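**Q** below is the sequence, then the predicted model.
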Amino acid sequence: MKIFLDTANVDEIREAVSWGVLYGITTNPSLVSKEGRDFKSLLLEICSLVKGPISAEVVGTTKEEMLREAHILAAIHEQIVVKIPLIVEGLKAVKVLSSEGIRTNVTLCFSPTQALLAAKAGASYISPFVGRLDDISHEGMETIRVIKTIYSQYGFTTEILAASLRHPLHVVEAAKIGADIGTMPFKVLEQLIKHPLTDLGLERFLKDWRVFKKEGIAQQTVTSATLPHSHV
Ligand code: E4P
């Protein structure tokens, strides 16, 4: 499962890039508005930081408005994937954009039937929102599971982008199901690496090594036998 960050914050993106695990970025109008910056220059900066797909969303609600915005967004950078809401006008726009070779991420997906239609219209990515379904007491991950079954059954090439992942278990479940991508806030990415036993174990190893070194044995052993240039 490829890891995407669901953010428009360049500091978070820069930090995640430095970890070497980030494949792409998803943004939405709420995330972009939080940054209070010019949309185009923000997108260009994100594209310069991450060499993968960067989703940027249209805000028009008719096919014509969406197509106009999609053409502007796609022209900003070749990495831009145009995010289109899963409404009838959105489907019409996706059909046109896919025939033009413009990649789309169909967003605000909450059901397998919506996902089926998006794939038939030619969506490059489908974004089912797991957390927002959980919020209304509907098991969000089940939607991912059913979409995966349907797409596999008919060989759709639309990639399943598990979105609205709110905690590490969402990430684990999406990966177990075989979602192509998981997009998450930076906070969740940080939670993926944390484990108290790792911190405790490292602390103990370093403490034991300090004692060993104090006794002078480490210096002799490591420098003479294994690591001749070590500064241990
Ligand atoms: C996906 O592309 C959306 O931007 C995002 O995952 C929504 O997450 P939220 O429901 O936590 O806002």
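**A** Perfect, thanks for sending it.
**Q** what about residue 43, how many neighbours?
**A** For residue 43, the count of nearby residues is 23 (other CB atoms under 10 Å). C-beta coordinates here come from the backbone N, C-alpha and C atoms, glycine included.
**Q** now stretch 99-106: mean pLDDT?
**A** For stretch 99-106, the mean per-residue pLDDT is 98.
**Q** list the contacts of that stretch.
**A** Here stretch 99-106 makes contact (CB atoms under 8 Å, 6 or more residues apart in numbering) with 26, 53, 55, 70-71, 74, 81-86, 90, 93-94, 97-98, 118, 121-127, 161.
**Q** just the buried subset of those residues, please.
**A** Those of the contacts of stretch 99-106 that meet the buried threshold are 26, 53, 55, 70, 74, 81-86, 90, 93-94, 97-98, 118, 121-127, 161, by 16 or more other CB atoms under 10 Å.
**Q** quick revisit: filter the contacts of stretch 99-106 down to the ones near the ligand?
**A** Checking the contacts of stretch 99-106 against the ligand by CB under 6 Å from any ligand atom, the ones in range are 26, 127.
**Q** which ones among the contacts of stretch 99-106 are found in helices?
**A** Mapping those onto helices (DSSP state H) picks out 70-71, 74, 90, 93-94, 97-98, 118, 121.
**Q** got the residues of the protein near the ligand?
**A** So far as CB under 6 Å from any ligand atom goes, the chain lies against the ligand at 6, 26, 28, 107, 127, 129, 131-132, 163-164, 166, 183.
**Q** now a PyMOL select for only the buried ones of those.
**A** Command for PyMOL, covering only those of those found buried under the criterion 16+ other CB under 10 Å:
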select buried, resi 6+26+28+107+127+129+163+164+166+183
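**Q** check the residues of the chain next to the ligand and tell me the two furthest apart.
**A** 107 and 166 (16.5 Å; CB to CB).
**Q** need the max-distance pair from the ones in helices among the contacts of stretch 99-106.
**A** 71 and 118 (19.8 Å).
**Q** low pLDDT regions in the chain?
**A** For the chain, residues meeting the criterion pLDDT under 70 lie at 217-232.
**Q** 80 instead, please
**A** 216-232 (pLDDT under 80).
**Q** partner residues bridging residue 181?
**A** Judged by DSSP bridges, the bridge partners of residue 181 are residue 2, residue 161.
**Q** ugh, wrong one, residue 129
**A** Note on residue 129: beta-bridge partners by DSSP bridges are residue 163.
**Q** how far does the lengthiest helix in the chain sit from its chain's centre?
**A** Longest helix in the chain, counting residues (DSSP H): helix 196-214. Its chain's average C-alpha position is 34 Å from that of helix 196-214, according to CA atoms, centre = their mean, to the nearest Å.
**Q** how about that helix as CSV, C-alpha atoms only?
**A** Output of helix 196-214 as CSV, limited to C-alpha atoms (Å, rounded to 0.1, in the frame of the first residue of the first chain):
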residue,chain,number,x,y,z
PRO,A,196,6.9,2.2,23.6
LEU,A,197,8.9,-1.1,23.5
THR,A,198,11.1,0.3,20.8
ASP,A,199,11.9,3.4,22.9
LEU,A,200,12.4,1.4,26.1
GLY,A,201,14.5,-1.2,24.3
LEU,A,202,16.8,1.4,22.7
GLU,A,203,17.1,3.2,26.0
ARG,A,204,18.2,-0.1,27.7
PHE,A,205,20.7,-1.0,24.9
LEU,A,206,22.3,2.5,25.1
LYS,A,207,22.5,2.4,28.9
ASP,A,208,24.1,-1.1,28.8
TRP,A,209,26.5,0.1,26.2
ARG,A,210,27.5,3.1,28.3
VAL,A,211,28.3,0.8,31.2
PHE,A,212,30.3,-1.5,28.9
LYS,A,213,32.2,1.5,27.5
LYS,A,214,32.9,2.9,31.0
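**Q** that concludes my questions; thank you for your assistance.
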